[in-house]
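Q: sharing a sequence plus its predicted fold:
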Amino acid sequence: MNPFRLFFIVFVLSCHTKGNHPFFLNPSEMGDTPEFFFEYGSIGTPIETDKPNEFTHYQNGILCVFSIPIQLYNQELGAKFRICWKTDEKSAVRIQNGFTHLESKETEYLPFLEKGKDWNLSLSELGKWKGTHDPFPPILEWKNQIWSSGIVTYQTFAIPHPRFVQTKEFECEVIFRSYVLDVSENKTPILVFQFPCPNPDSILKTILSQNQTWFLQCETESPVVSELFRHSESSYQRFMEWQNPNDFVLCPSAKSIVREKEGEITNFQSEEFLKRSRLILPHGILLFSDDPRFQGIPIPKTFVSELGTREGFQFGNSFYDDLPFSFHQGENFFSIQTDSTSCRDQLNIWKTEQTFCGNPGLPNMLEKIPAKEQINGCTPTQIKLTEFYPGNHKETNFPLPAFFEFQNQGDDCDVSSLNWILDGAIYPFSAKEEILKQEDIILFTRERWLGWNFLERVKPFSIPKVSFQIPNFVIQNRKSKESIPYEPNANRFHLLRKGNQNIISIYTDGLEIPHPKSNSDENLQVFGFQLSPGKHQKTEIHWIGSKLLEFAKNPYPFFDFGFLELEEGIGAFQTEDQKEYFYWKPRALKLLSFAYGPSVCNGENLYHLPAGFFSDQFNSLTYKDQVTSAFVESRWSEDSLNEKSFGETRSLHPETSPIDFSSSVFPSPHCPGLWRSPGSEKHRSLELRKLTPEESYHSNLILDSFLEVQYGNLRQIFHVPIHFLSHLSFQLNLSSVILEHSEEQIYSYFSHPMLIEPIGFLEKKGPVQIEAIYPNPNVPQNEWIYICNRSMNPEDISQYFIEDETSSDQIVPYQTRFPGTNPKAKNGYGFVTNDTILWQGTCAWIVDPDGSDWYVPIFHSESDRLFTVISTQTIGNGISSGESIQLRKRVNGETILISSFGHKESASPFRKYVNSGEYLWLKKNSDGTKSKDFEIYREEN
């Protein structure tokens, strides 16, 4: 700021021949001929009045008519005037009443004419007045801040000032315009005040002097955007407001305003813009509009036709990024304001039948003088969310609008003091005073609830068709910007949508829950909806238990919960990632289905789950048990899913330990190739588990006479009965079984119509077990089989044979086949090569006779035996990946099974494939009867 800034100089001039008069006039010094007082560069002493919004003031026998409403006149630093004369009270009242005609839209039948000495005041329309005056150019005119001589005045407030016209040498007119926007410009009511002309030279000289002073003081900074509006259905049409936010005068150097939209640049400049924007008074306004009624700086409609969308504006070194905004919200219109106050309290001179919150041409923080005993504005802390409903969309038979329900939990207050901010979009509560009494309700709805007779305001917010949470929002005080955020628990989800309809709202009273039926609207309950728009009642929460009955992770994922039939209330479950899900369980339903949405395979009558629910994190469900009320967890692994779903074709049914899961045996009526029963009676497969060392067997179903049990292997088989320990557990009755060889590996075999596939168990192991296989090494001849003696006695391996799927070879010590050799493994590891005895707890490597420098893993020991085969029919001919291997022993002329990889003689043989360079190693504490019992490792270089 310039260091020699001066205080603003007061110029109070009278242009009447009697000379200057003070602001407070002495009746003895005033005559009955009006005198014109022009002020420029001074606030002056404020006029005290109980009618601050009027243009007239009568006191001590003197009537003054002001160029703008008195409240604004008291604060205007720029050009303003008043016309004063001596008159009686009756005449003053008639004139004051005459100014009220400016608020009317109809002037045809409202004749008004008041006369006095050398003056008259008449009511007309702007179009008529222009029709009689335009053919005759005036001697001098002051319009839109600019004198016809070219001199420009500046004002704090960008509102229409009366038009000053010198029609004759000694006759002038001042045209007071209406601030009503509901009429066209030509139909705008005006009051024409004819009176003797002042001396214009003194006025113009004062303006030039004050302008020069301001230009010496000003700073070359730029104004900032303060208000925007655009809507063709509103009387306010379109305008853009820039304000000097400082306490000093600005003289912007910019000669244009730049608009950027999607990379396209548009410039606005005009001669009037350059004149009227050269100087901006402290906190002064520049108003741009394509509507001449505002008397702002004219701007093309195209330049302001997309306000409230994503675009940018630049005025010198001032930048403004416009964001999406809904100017029309229900029956109300709102402007964008960078500063704001309560819509009720904000001063706006413009009149319309529409409800509008904004004040073009005036500072946004400028407030009316409050009425006596005015109720306070609401604070963000006293307005509480009580219900949220995402709406039932138009394609349904019941297109119920979405809504947010708020309750005043404090004293009576005016809600127009608040903004509601959702997804960054601002939605003021009300454009006018709206008193919300204590505990009263107000709804923000997408569309009106016609005929429901509750306080609602339509807001064009956007809500997804399927919602699971109350969206984050903020309630903000428009003036102080105090904000209270509503941030629901990100891990709390509400299942509101069943089938294709959102049937339940979220009720909140300190705790969010699906809306209980007990306090739902009865009219909506008839159609299956549980919500209570416009009404909030305390409720007692009844939590219910459940039981997970069935689920499938792929394809068409779903799960079913079962319940006690007559119970109703709120159910819940939790996933492994600590996310909680809440739903309503109706009375008389025993099953509820949950899925992503309706499908041919899962049906329609189910609760929707959020996208991604059945991701890799879906490994458990925790819920309240329907019988014990304790929280239980159903957990599964990918292995169990893969095993029991049979290639994702069958859904799973949780079972009690030790069985854990069964599979569906119910073929889907709508999806061939799938077995599942969402929402209907369950059909579970028979599952059997063997417990050791108890040697007992457990079933998930009560067994019947269709169960058949066999005991043995391919060499010999026995049919055996069972002995029940309980209705779901039993033992095998082996009293009739006579085994010839105690070392032989034995299996059990079970068959039943409810078994999806035969099942059996490894009942007895041989003394030596296959524990690792390297079927496909990087060097083809270097395959091996790793065996260990897990018995309590030594074993003579010379009686053992190794067998693949096509042939059998006898096992011999390596030196028997290659005398005098002492081979080493890769990296120099050694073996015992000349011993046929495999002592208890020791292991051996059976290698290809054509191999050398074998890779051996970390479990190698220097005491390990090295064996090979007599011929090259089995391991000597190469082991195929996935091939089954049997270890057999010759006893008393018979060959018996000792160990097996792949267990091809069991009820459930398997194959496990590896890539080149990979080997298989039996997991600790596993019996090797399943593919998953073997871990795959890769040869290390």
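A: Arrived safely, thanks for sending.
Q: all contacts plus neighbour counts: C-alpha atoms, from now on.
A: OK.
Q: helices of the stretch 801-941 of the chain, start to end?
A: 814-817 (DSSP state H, counting those that start in this stretch).
Q: residue ranges with poor pLDDT in it?
A: 872-874, 876-878, 941 (pLDDT under 70).
Q: how about the strands in it?
A: 808-813, 837-838, 843-847, 865-869, 885-891, 894-901, 918-922, 934-938 (DSSP state E, counting those that start in this stretch).
Q: go on, the stretch 101-250 of the chain?
A: 113-116, 119-125, 140-143, 146-147, 163-166, 171-177, 189-196, 224-230, 238-243.
Q: which one of these lies closest to Arg310?
A: Between Arg310 and the strands of the stretch 101-250 of the chain, the tightest spacing by C-alpha to C-alpha is seen for strand 224-230, at 13.1 Å.
Q: for Phe164, see how far away Glu141 is.
A: Separation of Glu141 from Phe164 (C-alpha to C-alpha, to the nearest Å): 6 Å.
Q: can you check Ile717 too?
A: For Ile717, the distance to Phe164 - C-alpha to C-alpha - is 121 Å.
Q: same thing with Glu568?
A: 78 Å.
Q: okay, now the unreliable bits of this protein?
A: 1-28, 106-109, 395, 872-874, 876-878, 941.
Q: ranking the strands of the stretch 801-941 of the chain by burial, who's on top?
A: Compared across the strands of the stretch 801-941 of the chain, strand 865-869 shows the largest average neighbour count, a mean of 27 (mean count of other C-alpha atoms under 10 Å).
Q: against which helices or strands is that one packed?
A: Contacts defined by 3 or more C-alpha pairs under 8 Å, 6 or more residues apart in numbering; DSSP states H and E place strand 865-869 against strand 808-813, helix 814-817, strand 843-847.
Q: nearest to Thr341, of the ones you listed?
A: Nearest of those (C-alpha to C-alpha): strand 843-847, 87.7 Å.
Q: which residues does the closest one contact?
A: 782-789, 811, 838, 863-869, 875-876 (C-alpha atoms under 8 Å, 6 or more residues apart in numbering).
Q: so how far is that strand from its chain's centroid?
A: 63 Å (C-alpha atoms, centre = their mean, to the nearest Å).
Q: using CSV, list the CA coordinates for that strand.
A: The C-alpha trace of strand 843-847 is given here as CSV (Å, rounded to 0.1, in the frame of the first residue of the first chain):
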residue,chain,number,x,y,z
CYS,A,843,16.1,-93.7,5.6
ALA,A,844,17.3,-94.6,2.1
TRP,A,845,17.4,-93.3,-1.4
ILE,A,846,16.3,-95.5,-4.3
VAL,A,847,18.0,-94.1,-7.4
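Q: quick one, that strand and strand 808-813 angle?
A: 120 degrees (axes from the mean of the first three to the mean of the last three C-alpha atoms, to 10 degrees).
Q: residue numbering should commence at 58 henceforth.
A: New numbering, starting at 58: the last item is strand 900-904.
Q: strand partners (parallel or antiparallel) of strand 900-904?
A: strand 841-846 (antiparallel), strand 922-926 (parallel) (DSSP bridges).
Q: would TSV of the ones you listed with distance to Leu758 be doable?
A: Below are these laid out as TSV (distance: least, C-alpha to C-alpha, whole Å):
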stretch	distance to Leu758
strand 841-846	39
strand 922-926	48
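Q: out of those, which comes closest to Lys961?
A: Comparing those against Lys961 with C-alpha to C-alpha, the closest turns out to be strand 841-846 (17.2 Å).
Q: give me the contacts around the closest one.
A: 824-832, 852, 895-905, 932.
Q: contacts for stretch 107-126?
A: Contacts for stretch 107-126 (C-alpha under 8 Å, 6+ apart): 82, 84, 87, 106, 127-128, 130, 137-146, 149, 153, 156, 218-219, 233, 426.
Q: please indicate which of those residues are buried?
A: Neighbour-count burial (16 or more other C-alpha atoms under 10 Å) applied to the contacts of stretch 107-126 gives 82, 87, 127-128, 130, 137-144, 149, 153, 156, 218-219, 233.
Q: starting at the chain centroid, how far to stretch 483-502?
A: With C-alpha atoms, centre = their mean, you get 24 Å for stretch 483-502.
Q: swap that for stretch 145-156, sorry
A: For stretch 145-156, the distance to the chain centre is 60 Å (C-alpha atoms, centre = their mean).
Q: how far away is Phe518 from Ile813?
A: 53 Å.
Q: over to Phe608?
A: On the measure of C-alpha to C-alpha, Phe608 and Ile813 end up 18 Å apart.
Q: just give me the longest helix of the protein.
A: Taking DSSP state H as the criterion, the chain has its longest helix at helix 257-274.
Q: which residues touch Thr565?
A: 442-444.
Q: quick one, which of the contacts of strand 841-846 are buried?
A: By 16+ other C-alpha under 10 Å, the contacts of strand 841-846 give 824-832, 852, 895-897, 899-905, 932 as buried.
Q: for Ser289, which of the strands of the stretch 858-998 of the chain is the nearest?
A: strand 991-995 (72.2 Å).
Q: I'd say Asp566 and Phe463 touch.
A: No: assessed by C-alpha atoms under 8 Å, Asp566 is found out of contact with Phe463, at 11.0 Å.
Q: give me the more crowded residue out of the two.
A: In this view Asp566 and Phe463 are compared by other C-alpha atoms under 10 Å, and Phe463 has more residues nearby, 22 against 14.
Q: what bridges to the more buried one?
A: Going by DSSP bridges, Phe463 forms beta bridges with Leu442, Ile499.
Q: and it, how far is that from Lys574?
A: 20 Å.
Q: what's the answer for Thr986, then?
A: 53 Å.
Q: now Tyr97
A: 69 Å.
Q: show me the contacts for the spatially most central residue of the chain.
A: With distances taken as C-alpha atoms, centre = their mean, Pro528 lies nearest the centre of the chain, 5.7 Å away. With contact set as C-alpha under 8 Å, 6+ apart, Pro528 has these partners: 479, 544-545.
Q: just those residues now: which is nearest Ser205?
A: Leu479 (49.9 Å).
Q: if you skip the residues just before and after it, what's nearest to that closest one?
A: Phe530 (4.7 Å; C-alpha to C-alpha, 6 or more residues apart in numbering).
Q: determine the number of other residues adjacent to the one you found.
A: If we define neighbours as other C-alpha under 10 Å, then Phe530 has 18 of them.
Q: that one reaches Phe518, doesn't it?
A: No: the pair Phe530 / Phe518 is not scored as a contact, 11.5 Å apart, by C-alpha under 8 Å.
Q: any common contacting residues for these two?
A: Leu479.
Q: show me how this structure divides into domains.
A: 69-269, 278-383, 437-569, 604-727, 746-820, 824-995 (automatic domain parsing).
Q: distance to Asp402 added to the ones you listed, as JSON lines?
A: Below are the domains of the chain laid out as JSON lines (distance: least, C-alpha to C-alpha, whole Å):
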{"stretch": "domain 69-269", "distance to Asp402": "13"}
{"stretch": "domain 278-383", "distance to Asp402": "17"}
{"stretch": "domain 437-569", "distance to Asp402": "8"}
{"stretch": "domain 604-727", "distance to Asp402": "43"}
{"stretch": "domain 746-820", "distance to Asp402": "73"}
{"stretch": "domain 824-995", "distance to Asp402": "75"}
